[in-house]
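Colleague: Only the shape, not the letters, is given here:
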């Protein structure tokens, strides 16, 4: 008779673990969405600082990146420092290649989507060889696109967070019912 009670306890423990795990998964997805919006806002801040460095301080790109890296949080600070170091080293790569490579290497751990990163890479195609006014225009255009993305992602955030939380809990309960 105790055997049956032990099995029942194991089943209940398993069900509880499944519910907690699926709830945790839902919370993780929701937090990833929130982190993406935060990273996009940091990216916008970085881009606006870059525009100021180029337009008003007349800084060369490497110097501008170093200056901004001091005022922005990780991983964007590392990204800018690495790009600046490679630009100063004159490795023979064009700015576009350096920019693209470091987006792939240094911004892996961000929650930016592949589309977000691709748009950032596209910005690099217009930097480095254009005159200051053209660079400013490219940055402003990218900033406007980014602002629209942030507004859209921010608007979806609350609703989707609730959905992910609910799906996590409901998915766990559904699995628990199936296992019963």
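Modeller: That came through, no problem. Predicted model only: the values in this text are computed from it and were never measured.

Colleague: can you give me the helices for the protein?
Modeller: For the chain, the helices defined by DSSP state H occupy 2-55, 61-69, 76-89, 95-106, 114-125, 132-179.

Colleague: need these in TSV with mean pLDDT, can you?
Modeller: Output for those, formatted as TSV (pLDDT from 0 to 100):
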stretch	mean pLDDT
helix 2-55	85
helix 61-69	91
helix 76-89	93
helix 95-106	92
helix 114-125	91
helix 132-179	84
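
Colleague: Those helices into CSV, with extra columns for mean neighbour count?
Modeller: (Each C-beta comes from the backbone N, C-alpha and C, glycine too.) Shown next, in CSV, are those (neighbours: other Cβ atoms under 10 Å):
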stretch, mean neighbour count
helix 2-55, 15
helix 61-69, 20
helix 76-89, 19
helix 95-106, 17
helix 114-125, 16
helix 132-179, 15
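
Colleague: Do I have it right that residue 171 meets residue 21?
Modeller: No - using Cβ atoms under 8 Å, residue 171 is not in contact with residue 21, being 9.6 Å away.

Colleague: Now the phi/psi pair for residue 60, please.
Modeller: phi -60, psi 160 (degrees, to the nearest 10).

Colleague: now that we're looking at it, which residues does it contact?
Modeller: Contact partners of residue 60, counting by Cβ atoms under 8 Å, 6 or more residues apart in numbering, are absent.

Colleague: pLDDT score assigned to it?
Modeller: Note on residue 60: pLDDT of 82.

Colleague: Now do it against residue 40, distance only.
Modeller: According to Cβ to Cβ, to the nearest Å, residue 60 and residue 40 sit 27 Å apart.

Colleague: now residue 89
Modeller: 30 Å.

Colleague: next one: residue 155
Modeller: 13 Å.

Colleague: For stretch 44-55, give me every contacting residue.
Modeller: Taking Cβ under 8 Å, 6+ apart as the rule, stretch 44-55 contacts 59, 61, 63-65, 67-68, 71-72, 76, 80, 123, 132, 135-136, 139-140, 142-143, 146-147, 150.

Colleague: tally of neighbours for residue 91?
Modeller: Other residues within reach of residue 91, judged by other Cβ atoms under 10 Å, total 11.
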